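A.B. asks: would you be able to build a 3D model of this:
(2 chains)
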Number of protein chains: 2
Amino acid sequence: MNQTYWIWYPGDFAIHQGMLQNFSREERGMQWPAYWYLEDCYRNVKFLKTYQLKNATSFMVRSHQPGYVTVNEQKYSLNEPINLTAGEQQIVIYVFSAKDLPCVYVAGAEIYSDASWVASNYIQERPVGWSAMFTSNTDDPNQIPYRCRETFPKQIVERAGGKLIDFGREINATVRFTKLSHPIQVCYGESVAEALDTVNCYYQQRDVRENEELPKRAFRYLFIPDYPDGQLEAVATQIDLPMQNHGIFKSDDPLLNQIWQVSLRTFKLCSDLFFIDGIKRDRWIWGGDAYQDNFINQYSFFNEEVDRRTILALRGHDEVRQHINTIVDYSLLWIISIYNHYEMSGDRDFLQMIMPRMEKMMDYLLAQTNSLGFIIGRPQDWIFVDWSPIDKEGPVAAEQMFLLQALKAMTVTKKVLGKTADAQHYQQRFDQLKQNVWKYFWDEASGAFIDSYESKRRHVTRHANILAVLFAVADRRQQQLILERVLLNDRVTALTTPYFKFFEQDALCKLGQYDQVYQTIKEYWGAMVEKGATTVWEEYDPQVSGDAQYAMYGDPFGKSLCHAWGASPVYLLGRYFFGLRPTQAGYATFEIQPHLAYFQKLHGQLPIKDGLVHFKVNRGQLTITCDRNGGTVISQGKRIPLLANQPVVIPIA
Amino acid sequence: MNQTYWIWYPGDFAIHQGMLQNFSREERGMQWPAYWYLEDCYRNVKFLKTYQLKNATSFMVRSHQPGYVTVNEQKYSLNEPINLTAGEQQIVIYVFSAKDLPCVYVAGAEIYSDASWVASNYIQERPVGWSAMFTSNTDDPNQIPYRCRETFPKQIVERAGGKLIDFGREINATVRFTKLSHPIQVCYGESVAEALDTVNCYYQQRDVRENEELPKRAFRYLFIPDYPDGQLEAVATQIDLPMQNHGIFKSDDPLLNQIWQVSLRTFKLCSDLFFIDGIKRDRWIWGGDAYQDNFINQYSFFNEEVDRRTILALRGHDEVRQHINTIVDYSLLWIISIYNHYEMSGDRDFLQMIMPRMEKMMDYLLAQTNSLGFIIGRPQDWIFVDWSPIDKEGPVAAEQMFLLQALKAMTVTKKVLGKTADAQHYQQRFDQLKQNVWKYFWDEASGAFIDSYESKRRHVTRHANILAVLFAVADRRQQQLILERVLLNDRVTALTTPYFKFFEQDALCKLGQYDQVYQTIKEYWGAMVEKGATTVWEEYDPQVSGDAQYAMYGDPFGKSLCHAWGASPVYLLGRYFFGLRPTQAGYATFEIQPHLAYFQKLHGQLPIKDGLVHFKVNRGQLTITCDRNGGTVISQGKRIPLLANQPVVIPIA
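C.D. replies: Numbers count the residues shown, from 1 in each chain, chains lettered A, B, ... in the order given. This is a model prediction of the structure:
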């Protein structure tokens, strides 16, 4: 039996659902759309395939939208059997929708819809889009097959003349109430403080009646004010896409185990159709968060579809109208993320599909470079880098680091697709830019890259230097200087956001600073967990306590307490402590260079493409097993082949 | 009281409704979307205006879509009163919709929505769009205020074992039935033959029950097969936009009067939100038909909004992705139509609004010209001109004629907007192209422009020559040669479509051939009317009779019997027989040079911008009255000023 898929114009499922995602933010009774240009799917689409039939056959085109079918220019209806004789049969399916994703499902023994069909928006013909989520003729790609799980409160207590309901951990759920004595007000909270603040809590709803289903929202606590007596029952329905986790971390360090669990939960809550920043506040698809989620995903769920959907939704159709989320660095990260996704998945088809959009994005970026090859923001652009104060006069160093890596991404992916001349073109841009980055931004006296040369202030921040290490812009000598003079130098302003902390920890690990990163995980994430966090917060400052710790962006409850970028311990542990990384795209070959001396006992598992790697620490030994070939274990300077199902046992150094 | 309007991103009402219009075709139970790229409105939009308030005031933002309001960056809800103090108040309204046109209505004494607001799609800020149709806070620009008129059958007769219902004339209506003895089958027909053909009729519906409302469709006849006995009652509801006609033609020639009436009815039926080709078949917005409708509109309804909406819907947003309806000539006609609309309306604001889209369209066109300035079709383009056989090898003469006029349109409109340098640029392109058109396409031996010089066949058709007269590409001597050698030469293949007949009659009138045009109107249109047509057909061939006359495009009932382009007698009579034309934009000045010797008695009326002109023929005299200044009557070589409400009496020569 051949696998049949619902098909659509490539990328349009993600673009349409991405728009809906970016429309889903709610704050204090107001809907809050993302503040950038939002694109929808194409509305008028056709699907084409020509068959050379050896025998007569029949098929049916299923669609939830109107349209028609032609076979050799003869018209037929949708949703009715079509009988064909042997010979050449040119099939074209025309569908349209003013509001939904136009899509069809072709069911038949010989004639069926799969990746071999072509879609057209009446301008371009491209191989169709499809998803493993929609394979049955009763499916509808405009109805997402969410999983619904009923969840009951862990505790209901009386508080301030009302009822405080605790679901035990943060969830993203609809909720309804029964046994109400009268219509109620419902105040939501990620924290107790938020739920009890009937004025400032993010979500609340008045006049809620028996069995009324309230919209899907993120919360742990619900507070029902003015409900001193009587009973009430509440049931929440958690709604998400089922997704299989493959990352296991069970050690003799309960705090680290908990950090791993809380990180995983956080990541999953923020990853359904797309990687979103957090489940309470923005719910938008942000390029910076998504970039980091790719890495966390690689070491846990290894879900390629959510990577692809997010990449597509961030970008939209071929034409570039503005930077991703209006941010120049996010456009650059978007290009790099495709390279990362390819390294993880080895998915050449996706590379082929996305390449026109990747190329146009790079054209758009290069159009705003100066004669030195430096990228410069235009008035409508946001040069973000990070919330920290950075000297952003003229060309900014951090942006050039991102641009270098984006050019590398273009070079590598073009080579993969056999486009040697294009690859050379990008390589030349890379070489010229790298030379000028060294010349204009490297400050030998500081032993660091400066933010801006135009301003003449020669200000050093961590950002450009972290990126110079991560993207290997700095040579070995420079990396060592950066480590000493910047990364381990307390006089260089510390980072304030977990967003850049991710890059920093990554860079520190690259420079072998495992002890420091191990301590940071234990202290920074550990502190949140010890405070009872069931998900990782958007930001944690050990100096702040009480209700003040829930404030951010000038809003008393503006901080998101379930924020994707906080899940980075999964990546850091997987990538540097388990020490696993692909050395060829899609883990055709991969290396494991563990740093697990911190543990007496450990049971671990990590995904690779089409496989799993098991780790077991016991009695000073580490046993590594993988269910397929391709691996190499590096231990004490030796390279040991890791063959399918043949354990490799090494000392835990 | 200031006039308040619903506002939206400029052009988006027309673009969104235009998409729905192009999705509205139905044929034999199948929906048939237009076969070109269709664009929708922007989905995420904001509206901005800054007030300097002298006093405190309050306002409310009404929206049918979600979103919010900020005043000086403070958030407020939609649909709730907002109170402001005196001082600077920066108002921004954010709305979005995944399926409807995002739009708002700002109601207040000081703060209200009108053309002075600015809309943004988060990339560009532009003055908002609005319509006189939506001025009340209870309106919704996603609900079109159609007029519904109940219409009852003129006759119900038994025929072929069923009932044939005649509504007396073609209508565009929903229909429902009462007093049914059982569920019925309903077959529609523009003709009796079509209704009775229960297999091939365009529309039919089975299993129709008491009071079920059938979709809006075009028909005169309904046939209910297998309904031999018993009663049934039918009521149709005509649905259209009310639109005021200002064109009157009542003469002592009953046939001409009827031609005028039938033309007007046809035009109105095909003109609601947009000019569509016909009401039964395509229902699509075609650039060629719309171009001619502009002229008919100018001499009858003088409805500027339908002109503007059609121009906007044909084009879409700024970026050009393909030619209008995929046809190069239609892109050129689209540019010319804006010039025509400006001449008619003097609407500088619309010109300003549409100019970026006009300019990008011209860029798109000029990008496919060769070194001689000739425009050439690309593989994805359709060089239509007309259905007639034309030599289309290499550059095609007719296309160059359209391009010349489009360049003239750009030159004139750029001058109007004070863009002298741009105007000069287009003038230079025009001069170069005109010189080359003469050099390469004029054939002195034939006394005509040839279709193609590259093919070396030197084939002459009417098309390029008609256009050379209309757009004054030919000089006086050439025009006379063209008249004798082409237009009045029966050996040059006759035109087969009313589409190009429109241009031909226009050209003949320009060359003073009134008698011939008068005869053509009487014979060609007269024959249809005498056959009982209640609307003008898409095509009429006096050689064909019986049911065969309903066939077209290989379909037994493929011919549309209510087709807009057939309404041209309204234009020809108004423009050349009444002899009215603007000599400055918006009829700031206008001329009347009548040719009404064909009538003993006549009462006529024609619209001008903000005025009406009355014509009365009696006892050999023509009395012309206008309700405003600006006119000049030309009679027997004399120019007589036409002052407001002061009749000018002249002999009818």
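A.B. asks: where exactly do the strands run in the stretch 101-250 of chain A?
C.D. replies: For the stretch 101-250 of chain A, the strands defined by DSSP state E, counting those that start in this stretch occupy A:105-108, A:118-120, A:125-127, A:147-151, A:155-159, A:162-178, A:184-189, A:204-208, A:214-224, A:233-240, A:248-251.
A.B. asks: likewise for the stretch 551-653 of chain A?
C.D. replies: Using DSSP E, counting those that start in this stretch, strands in the stretch 551-653 of chain A cover A:580-582, A:590-592, A:602-608, A:611-618, A:621-626, A:631-635, A:638-642, A:648-651.
A.B. asks: endpoints of stretch A:614-625, how far apart?
C.D. replies: Its start and end residues considered, stretch A:614-625 measures 5 Å (Cα to Cα, to the nearest Å).
A.B. asks: can you list the residues of chain A near chain B?
C.D. replies: A:19-20, A:22-23, A:28-40, A:42-44, A:66-68, A:75, A:77-78, A:94, A:96, A:98-99, A:121-123, A:319, A:321-322, A:326, A:380 (Cβ under 8 Å from any Cβ of the partner chain). (C-beta placed from N, C-alpha, C; glycine too.)
A.B. asks: filter those residues down to just the ones in strands.
C.D. replies: Of the residues of chain A next to chain B, the ones assigned to strands by DSSP state E are A:30, A:31, A:44, A:67, A:68, A:75, A:94, A:96.
A.B. asks: can you lay out the strands of the stretch 551-653 of chain A as a markdown table showing mean pLDDT?
C.D. replies: Shown next, in a markdown table, are the strands of the stretch 551-653 of chain A (pLDDT from 0 to 100):
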| stretch | mean pLDDT |
| --- | --- |
| strand A:580-582 | 98 |
| strand A:590-592 | 98 |
| strand A:602-608 | 98 |
| strand A:611-618 | 98 |
| strand A:621-626 | 98 |
| strand A:631-635 | 98 |
| strand A:638-642 | 98 |
| strand A:648-651 | 97 |
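A.B. asks: coming back round to it: what subset of the ones in strands among the residues of chain A next to chain B is buried?
C.D. replies: A:30, A:31, A:44, A:67, A:68, A:94, A:96 (16 or more other Cβ atoms under 10 Å in any protein chain shown).
A.B. asks: beta partners for the nearest residue to the fourth one once chain neighbours are set aside?
C.D. replies: This points to residue A:67. Closest residue to residue A:67 apart from its sequence neighbours, by Cβ to Cβ, 6 or more residues apart in numbering or on different chains: residue A:95 at 3.6 Å. Beta-bridge partners for residue A:95, by DSSP bridges, are residue A:45, residue A:67.
A.B. asks: now mean neighbour count too, for the strands of the stretch 101-250 of chain A, in a markdown table please.
C.D. replies: Listed next are the strands of the stretch 101-250 of chain A as a markdown table, based on neighbours: other Cβ atoms under 10 Å in any protein chain shown:
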| stretch | mean neighbour count |
| --- | --- |
| strand A:105-108 | 21 |
| strand A:118-120 | 20 |
| strand A:125-127 | 14 |
| strand A:147-151 | 12 |
| strand A:155-159 | 13 |
| strand A:162-178 | 20 |
| strand A:184-189 | 23 |
| strand A:204-208 | 15 |
| strand A:214-224 | 22 |
| strand A:233-240 | 17 |
| strand A:248-251 | 20 |
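A.B. asks: what's the farthest-apart pair in the ones in strands among the residues of chain A next to chain B?
C.D. replies: Maximum pairwise distance in those, criterion Cβ to Cβ, is 48.0 Å, between A:30 and A:75.
A.B. asks: just to revisit the earlier point, got a markdown table for the strands of the stretch 101-250 of chain A, with distance to residue B:622 and mean pLDDT too?
C.D. replies: Formatted as a markdown table, these follow (distance: least, Cβ to Cβ, whole Å; pLDDT from 0 to 100):
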| stretch | distance to residue B:622 | mean pLDDT |
| --- | --- | --- |
| strand A:105-108 | 68 | 98 |
| strand A:118-120 | 58 | 98 |
| strand A:125-127 | 61 | 97 |
| strand A:147-151 | 80 | 97 |
| strand A:155-159 | 92 | 96 |
| strand A:162-178 | 77 | 97 |
| strand A:184-189 | 79 | 98 |
| strand A:204-208 | 73 | 97 |
| strand A:214-224 | 72 | 98 |
| strand A:233-240 | 77 | 97 |
| strand A:248-251 | 98 | 98 |
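A.B. asks: ok so residue A:329 is a strand residue?
C.D. replies: No. Counting by DSSP: H, G, I helix; E, B strand; the rest coil, residue A:329 falls outside a strand, being helix.
A.B. asks: now do the contacts for it.
C.D. replies: A:288, A:383, A:384, A:385, A:398, A:399, A:402 (Cβ atoms under 8 Å, 6 or more residues apart in numbering or on different chains).
A.B. asks: can I get the host helix or strand of the last one as CSV, trimmed to CA atoms?
C.D. replies: If you go by DSSP states H and E, residue A:402 is part of helix A:397-416. Once side chains and other backbone atoms are set aside, the C-alpha atoms of helix A:397-416 remain, and they are given as CSV (Å, rounded to 0.1, in the frame of the first residue of the first chain):
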residue,chain,number,x,y,z
ALA,A,397,30.4,43.4,15.2
ALA,A,398,27.8,40.8,16.3
GLU,A,399,25.8,41.3,13.1
GLN,A,400,28.9,40.6,11.0
MET,A,401,29.5,37.4,13.0
PHE,A,402,26.0,36.3,12.2
LEU,A,403,26.5,37.3,8.5
LEU,A,404,29.7,35.3,8.3
GLN,A,405,28.0,32.1,9.6
ALA,A,406,25.0,32.8,7.3
LEU,A,407,27.4,33.0,4.3
LYS,A,408,29.0,29.8,5.5
ALA,A,409,25.5,28.2,5.6
MET,A,410,24.9,29.4,2.0
THR,A,411,28.2,28.0,0.9
VAL,A,412,27.7,24.6,2.4
THR,A,413,24.1,24.2,1.4
LYS,A,414,24.8,25.3,-2.2
LYS,A,415,27.5,22.7,-2.3
VAL,A,416,25.1,20.0,-1.1
